[in-house]
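Student: I would like the atomic coordinates for the input below:
(one chain, ligands or ions: 1)
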Amino acid sequence: MRIGITCYPSYGGSGVVATEIGKELAERGHEIHFITYAIPIKLDATSDRIHFHEVEMMNYPLFEHPPYALALATKMADVAIHQDLDLLHVHYAIPHSVSAFLAKEMLKPKRLPVITTLHGTDITLVGNDRSYLPITRLSMEKSDGVTAVSEFLRELTRREFEMDSPITVIPNFVNCEVFQRSQDEILRGKYALPGEKILVHISNFRPVKRVNHVVEIFDRVQRQVPARLLMVGDGPERSNAEWLAHNKGLEDRVVFLGKQDSIAELLGVADLLLLPSDTESFGLVALEAMACQVPVIASRVGGLPEVVRDGRDGYLVTPGDVTTMASRAVEILMDPDRHRTMGRNARDFAMEKFCSTKIIPLYEEYYRQVIGAVGEGLEIDAATSKLRVESEEWLVGGRE
Ligand code: GMT
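Tutor: Next comes the predicted model:
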């Protein structure tokens, strides 16, 4: 298939997932065209089946804000025509799905099937500003397929948007060969002395991640277990967290590494992941840790219970309860057998449910269904995976 992919190319779960889908699909023989304003951060690919089309913004003195959504729609239509795309897969409803809808309209009578994948913060954004609700709902309804990364996100979207049209859950995934336990004692020795445990937090340091709670939890843990904390990523709450670590006298034990490319290597030598977020529609980093046999202490929120099994792969705790999170962390770290068992459980669960080898074929199958359905003037029924005929009205408007 010839597939266009649009995502936010910066650090962040949705961009990582979109990029990995493109890389994995290219390895399986598909032609992939990324349509974004910059080369996606994780697109270190050398495959000649991966292409990049830069969305360039028109600068004109009248435009205080360059019209990105329009530039993107124009580029999408252009790539669809010149590369003869079979499908456009956009990650994030705002504004990518709206741009895709415009591109589709521009291309008529040629058909361009569009799939929108929801990652969660697109829905949170609407929560912050209800005025975006109608346009977000429109863009989803005009997509030929909508997927969500967890059951939680599907139900939240249905409820918030009062959506009747189907949403298919295709969970996030991890490359189980890239993310695995490592014996790299040199890397481990870079961050911890022999006998010390390595705790890690990885995020975009936005308020929703509660990075101050990460420091609070670590402070309690390190009083009982010799340990270090690696803070990976950057964002608005970083300086608060740095100040808190300094204030608690932890500057020798807490290292702020900033944005890192080698997440798999770091997780490969870590002992525990802390993810005390207010909400997560999935929690990709928890899955990445689990694939590396790293137990997870996370909030019992959003889609996290679909990824981390409480008491088996780590523990899920009420958000904000840093005391319980710390005592659960100590419990795991002080008991080597329990730590090993949880790490193995986590890896087994990641392998069983979330390896890219299992999830990418689901996307391929979904693409085929959507392409077939658009060709026939049908729509996907997410519940049964069967196709059902669309309304007469759509057929009149959508048929050539
Ligand atoms: O977590 C973030 O703030 C980044 C955001 C994104 O769009 O990259 O992450 C969202 O998408 C990820 C990939 O599907 C999910 O793993 C994260 O749970 C989700 N973040 C939230 O729901 C807060």
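
Student: use CA for all of it now, contacts and neighbours both
Tutor: Fine.

Student: quick one: name the residues of the stretch 1-150 of the chain near the ligand.
Tutor: Listed as neighbours of the ligand in the stretch 1-150 of the chain under the rule CA under 6 Å from any ligand atom: 12-15, 119-121, 149.

Student: distance to His213, pLDDT and neighbour count added to those, as a markdown table?
Tutor: Below are those laid out as a markdown table (distance: CA to CA, whole Å; pLDDT from 0 to 100; neighbours: other CA atoms under 10 Å):
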| residue | distance to His213 | pLDDT | neighbour count |
| --- | --- | --- | --- |
| Gly12 | 20 | 81 | 15 |
| Gly13 | 21 | 87 | 18 |
| Ser14 | 24 | 91 | 23 |
| Gly15 | 26 | 91 | 22 |
| His119 | 24 | 95 | 26 |
| Gly120 | 22 | 89 | 25 |
| Thr121 | 21 | 83 | 17 |
| Val149 | 26 | 97 | 24 |
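
Student: can you tell me which of these end up in helices?
Tutor: Within these, residues falling in helices by DSSP state H are 13-15, 121.

Student: the helices in the stretch 201-350 of the chain, which residues?
Tutor: 211-222, 238-247, 263-268, 284-291, 304-307, 322-333, 336-353 (DSSP state H, counting those that start in this stretch).

Student: just those: most buried one?
Tutor: helix 284-291 (a mean of 28; mean count of other CA atoms under 10 Å).

Student: helices or strands up against that helix?
Tutor: Secondary-structure packing of helix 284-291 (3 or more CA pairs under 8 Å, 6 or more residues apart in numbering; DSSP states H and E): helix 263-268, strand 272-275, strand 296-299, helix 336-353.

Student: state the distance from the closest residue to Met106 other than its chain neighbours to the ligand.
Tutor: Excluding the flanking residues, the one nearest Met106 by CA to CA, 6 or more residues apart in numbering is Ala77, at 7.1 Å. Applying CA to the nearest ligand atom, to the nearest Å, the value for Ala77 to the ligand is 24 Å.

Student: how about Arg188?
Tutor: Counting by CA to the nearest ligand atom, the gap from Arg188 to the ligand is 26 Å.

Student: just the CA coordinates for the helix or strand hosting that residue, please, in PDB.
Tutor: Using DSSP states H and E, Arg188 sits in helix 185-191. Extracted in PDB, the C-alpha atoms of helix 185-191 (Å, rounded to 0.1, in the frame of the first residue of the first chain):
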ATOM      1  CA  GLU A 185      27.200  -2.600  33.200                       C
ATOM      2  CA  ILE A 186      29.100   0.300  31.800                       C
ATOM      3  CA  LEU A 187      25.900   2.300  31.100                       C
ATOM      4  CA  ARG A 188      24.500   1.300  34.500                       C
ATOM      5  CA  GLY A 189      27.700   2.300  36.200                       C
ATOM      6  CA  LYS A 190      27.400   5.700  34.600                       C
ATOM      7  CA  TYR A 191      24.300   6.400  36.700                       C
END
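
Student: off-centre distance for that helix?
Tutor: Here helix 185-191 is found 28 Å from its chain centre; the criterion is CA atoms, centre = their mean, to the nearest Å.

Student: same check on stretch 109-125?
Tutor: 14 Å.

Student: how long is that stretch from one end to the other?
Tutor: 33 Å (CA to CA, to the nearest Å).

Student: now do the buried residues in it.
Tutor: 111-124 (16 or more other CA atoms under 10 Å).

Student: tell me what Ile115 is bridged to.
Tutor: With DSSP bridges applied, Ile115 shows beta-bridge pairing to His89, Gly145.

Student: quick one: low-confidence parts of the chain?
Tutor: Where the chain drops to pLDDT under 70, the residues are 11, 45, 127, 378-400.

Student: at 90 what do you get?
Tutor: Residues of the chain meeting the criterion pLDDT under 90: 9-13, 38-47, 56-67, 92, 94, 120-132, 163-165, 183-184, 261, 374-400.

Student: check contacts around Asp219.
Tutor: 248, 250 (CA atoms under 8 Å, 6 or more residues apart in numbering).

Student: burial count for the closest residue to Leu272 other than its chain neighbours?
Tutor: Nearest residue to Leu272, sequence neighbours excluded (CA to CA, 6+ apart): Leu199, at 4.8 Å. Using other CA atoms under 10 Å, Leu199 has 26 other residues around it.

Student: from the ligand, how far off is Leu199?
Tutor: In this structure, Leu199 and the ligand are 19 Å apart, going by CA to the nearest ligand atom.

Student: pretty sure that residue contacts Asp271?
Tutor: Yes: look at Leu199 against Asp271 with CA atoms under 8 Å: they come within range, at 5.8 Å.

Student: list, one by one, the residues from the stretch 151-300 of the chain near the ligand.
Tutor: Within the stretch 151-300 of the chain, the positions near the ligand by CA under 6 Å from any ligand atom are 279-284.

Student: cutoff 8 Å now
Tutor: Contact residues, the stretch 151-300 of the chain versus the ligand (CA under 8 Å from any ligand atom): 172, 203-204, 206, 208-209, 277-285.

Student: neighbour-wise, which of those leads?
Tutor: Among those, the one with the most neighbours (other CA under 10 Å) is Phe282, at 27 neighbours.

Student: contacts only, for that residue.
Tutor: Here Phe282 is in contact with 119, 149-150, 171-172, 302-304, 306-307 (CA under 8 Å, 6+ apart).

Student: how close does the residue nearest to Leu272 sit to Glu151?
Tutor: For Leu199, the distance to Glu151 equals 29 Å [CA to CA].

Student: ok, Leu266 next?
Tutor: Separation of Leu266 from Glu151 (CA to CA): 29 Å.

Student: and if you look at Ser262?
Tutor: Counting by CA to CA, the gap from Ser262 to Glu151 is 30 Å.

Student: those two - which one has more neighbours?
Tutor: Using other CA under 10 Å as the criterion, Ser262 and Glu151 rank with Glu151 on top: 19 against 9.

Student: beta partners for the nearest residue to that one once chain neighbours are set aside?
Tutor: In space, and not counting its chain neighbours, Glu151 is closest to Val169: 6.2 Å by CA to CA, 6+ apart. For Val169, the beta-bridge partners are Ala148 (DSSP bridges).
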